[in-house]
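S.K.: Requesting a structural model of the entry that follows:
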Amino acid sequence: MLPDFTKRDFTLGGLTAALALGALLAGCATKPVAPLPSADEPPPAPRELRAAWVSTVANIDWPSRPNLNSAQQQAEAVAILDRAKALNLNAIVLQVRPSADAIYASKIEPWSEYLAGSQGKAPQPWYDPLKFWVAQAHARGIELHAWFNPYRARMDAARSQTAPNHITNTNPAVVKRYGKFLWMDPGEPAAAKQTMDVILDVVRRYDIDAVHIDDYFYPYPIDAAPEVAGNAAALDGRGVKAQLEFPDDPAWQRYLAGGGTLDRASWRRDNVNRLIEAMYKGIHAEKSWVRFGISPFGIGRPDRRPQGIVGFSQYDQLYADAELWLEKGWVDYFAPQLYWPIGPRGQAYPTLLDYWIAQNPKGRHIWPGLFTSRIGAPSRDYQPQEIVQQVAVTRSRPLSTGHIHFSMVALMQNRKGIADQLRSTSYTGPALVPASPWMGSERPGTPQVSAARRAKSVDLKLKAGSANALYAIWSRYNGEWRFAVAPASRVDWSIPDDARLGPADAVVVSAVDRLGNEGQRVRVWPKP
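M.R.: Prediction:
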């Protein structure tokens with residue numbers, strides 16, 4: 001995941017099929033629960049992942065700057081979650097490991113400098129930020145996905161010295177300098193073990209809903225020159241003639257000495273593939289309900305691309321065989337970073353989305369990443385309508401059931417009114433995260449619910465059944481069903497009278513589990 005505006009467009013190419021955006025916006029923009037006049041039963045619950053990334057690296061999203069005290073950090077986290085709830089988002093993807101460090105209490109890696117200003121220094125007064133985020137998200141009925149950078153060890157832009165327990169000090173042989181980065185070598189088993197240990201430690205100790213990794217496998221290539229600017233040069237088409245070779249020769253030579261037969265590029269891809277497979281299996285072995293998601297670069301391998309699509313090859317440069325991961329089913333959701341506009345360009349959003357949908361034989365979730373932070377960028381900025389239309393395009397594909405905004409700062413700042421537009425046109429009501437039936441399909445237990453008529457509302461008393469994570473609540477007003485979501489921790493819920501239609505004449509409640517499975521629906525009002 002590249003911070004803010006460093007991802008650039010590539011050489012422009014062919015024209016994709018024209019899109020009838022007006023029809024899409026009219027027919028797909030909001031996905032509301034359709035009114036069913038005189039219907040006795042509520043419709044299916046609306047389903048769509050609506051998420052945003054929260055970057056901690058370089059204090060992009062949270063905390064807004066280092067050295068905030070714990071109360072200030074917590075207040076900012078609550079503000080983000082409150083905004084997410086107000087926008088009817090249902091998941092936050094929080095960066096918990098920016099550079100082989102931690103924004104949570106860890107015995108494996110040091111505290112991140114983006115919290116208290118120095119690597120290894122805990123927030124003051126002490127608290128565990130990840131535990132706080134999980135609790136606050138779940139209290140609002142929002143999922144918390146823990147986002148890990150799998151290999152980045154350090155950036156030269158870091159402001160503090162590395163802590164004694166940072167991998168650059170504890171195992172420097174597996175860390176290699178690449179331009180302005182220190183990088184854990186994917187060919188070194190100890191580096192892969194470090195990442196696995198970190199991720200499984202979080203899965204065991206925190207009540208997260210998913211593990212999420214980004215697009216950093218082998219590093220983005222940079223120019224072989226004395227002065228390098230990081231990976232942005234590769235992304236806007238520069239630096240392709242003379243690239244700095246990643247210094248993994250010790251691991252490569254050991255592989256050859258051990259009888260390895262792959263060429264070097266295939267060996268690098270195999271190093272990454274083995275870690276991806278191990279993550280998928282290891283996470284599910286620890287907790288069967290925790291999903292595993294990957295957010296790779298958005299363009300597929302060159303030999304499979306649709307006509308007209310051009311640009312950077314993660315297959316050849318990052319050694320990321322993303323198509324294989326979908327083919328093998330090593331992910332529960334796949335969030336390709338489709339950080340380009342809809343229009344007739346060499347990276348047209350609809351064409352790329354259709355490509356990834358077609359690479360998905362196991363039927364995993366396809367939830368593309370949207371470059372919402374490009375709104376208001378210094379150059380090549382988006383207008384808010386671009387993002388609104390991308391949401392509509394995504395919804396027009398039944399096999400793509402959600403999306404993730406990069407990043408939350410654009411929604412917090414409401415750049416050019418994007419948050420207002422999404423709330424009024426795209427997210428007019430709440431939605432459940434789509435279910436993951438390959439992980440389990442057993443229905444949760446039935447909650448106990450009682451209802452009582454008050455002066456201006458129907459008030460519910462809620463008691464969760466087995467495996468309840470959320471309540472799905474429908475209320476009917478003059479034949480029109482409305483939908484709400486409440487966390488299973490809620491004991492009370494009020495359904496207010498409508499100023500125009502009067503009181504609700506029917507209320508139905510069901511439970512939803514951690515995998516999105518819905519249980520039996522219970523009519524609680526009028527009383528049976």
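
S.K.: same for the lengthiest helix in the chain, what does it pack against?
M.R.: Longest helix in the chain by number of residues (criterion: DSSP state H): helix 264-286. Contacting helix 264-286 under the criterion 3 or more Cβ pairs under 8 Å, 6 or more residues apart in numbering; DSSP states H and E are the following elements: helix 189-205, strand 210-213, helix 249-257, strand 291-294, helix 322-328. All C-beta spots, glycine's among them, are computed from the backbone N, C-alpha and C.

S.K.: TSV for these, including mean pLDDT, mean neighbour count and distance to residue 130?
M.R.: Conversion of those to TSV gives the following (pLDDT from 0 to 100; neighbours: other Cβ atoms under 10 Å; distance: least, Cβ to Cβ, whole Å):
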stretch	mean pLDDT	mean neighbour count	distance to residue 130
helix 189-205	98	18	7
strand 210-213	98	25	12
helix 249-257	98	14	32
strand 291-294	98	25	17
helix 322-328	98	20	26
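
S.K.: can you put those in a markdown table and add distance to residue 378?
M.R.: As requested, the helices and strands packed on helix 264-286 are exported to a markdown table (distance: least, Cβ to Cβ, whole Å):
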| stretch | distance to residue 378 |
| --- | --- |
| helix 189-205 | 34 |
| strand 210-213 | 28 |
| helix 249-257 | 39 |
| strand 291-294 | 30 |
| helix 322-328 | 30 |
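
S.K.: Indicate which one of the ones you listed is closest to residue 147.
M.R.: Checking these against residue 147 by Cβ to Cβ gives strand 210-213 as the closest, at 4.3 Å.

S.K.: The closest one packs against which elements?
M.R.: Packing contacts for strand 210-213, counted by 3+ Cβ pairs under 8 Å, 6+ apart, involve strand 143-148, helix 189-205, helix 264-286, strand 291-294.

S.K.: any low-confidence regions in the stretch 401-528 of the chain?
M.R.: Applying pLDDT under 70 to the stretch 401-528 of the chain flags no residue at all.

S.K.: where do the helices sit along it?
M.R.: Secondary structure of the stretch 401-528 of the chain (DSSP state H, counting those that start in this stretch): helices at 408-412, 418-421.

S.K.: hey, which of those helices is tucked in deepest?
M.R.: Among these, the stretch with the highest mean neighbour count (mean count of other Cβ atoms under 10 Å) is helix 408-412, at a mean of 24.

S.K.: Not counting its own residues, what contacts that one?
M.R.: Where contact means Cβ atoms under 8 Å, 6 or more residues apart in numbering, the residues beyond helix 408-412 that reach it are 52-55, 60-62, 79-80, 83-84, 87, 92, 372-373, 375-376, 405, 418-419, 422.

S.K.: Same check on stretch 118-135?
M.R.: Contacting residues not belonging to stretch 118-135 are listed as 69-70, 73-74, 77, 81, 92, 94, 96, 101, 103-105, 110-113, 115-116, 144, 146, 158, 160-166, 202, 206-208 [Cβ under 8 Å, 6+ apart].

S.K.: So for it, what gets flagged as buried?
M.R.: Using 16 or more other Cβ atoms under 10 Å as the test for burial, stretch 118-135 gives 118, 119, 120, 121, 123, 128, 129, 130, 132, 133, 134.

S.K.: ditto for stretch 171-190
M.R.: By neighbour count, with 16+ other Cβ under 10 Å as the criterion, the buried positions of stretch 171-190 are 174-176, 178-179, 181-188.

S.K.: before we move on, back to that, the helices and strands packed on strand 210-213 into JSON lines, with extra columns for distance to residue 476?
M.R.: Written out in JSON lines, the entries for the helices and strands packed on strand 210-213 read as follows (distance: least, Cβ to Cβ, whole Å):
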{"stretch": "strand 143-148", "distance to residue 476": "28"}
{"stretch": "helix 189-205", "distance to residue 476": "41"}
{"stretch": "helix 264-286", "distance to residue 476": "39"}
{"stretch": "strand 291-294", "distance to residue 476": "33"}
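
S.K.: what about these, which gets the closest to residue 478?
M.R.: The stretch from the helices and strands packed on strand 210-213 with the least distance to residue 478 (Cβ to Cβ) is strand 143-148; that distance is 33.3 Å.

S.K.: Nearest residue to residue 420 in space, please, no chain neighbours.
M.R.: The shortest distance from residue 420 to any residue that is not its chain neighbour, by Cβ to Cβ, 6 or more residues apart in numbering, is 6.3 Å, and that residue is residue 414.
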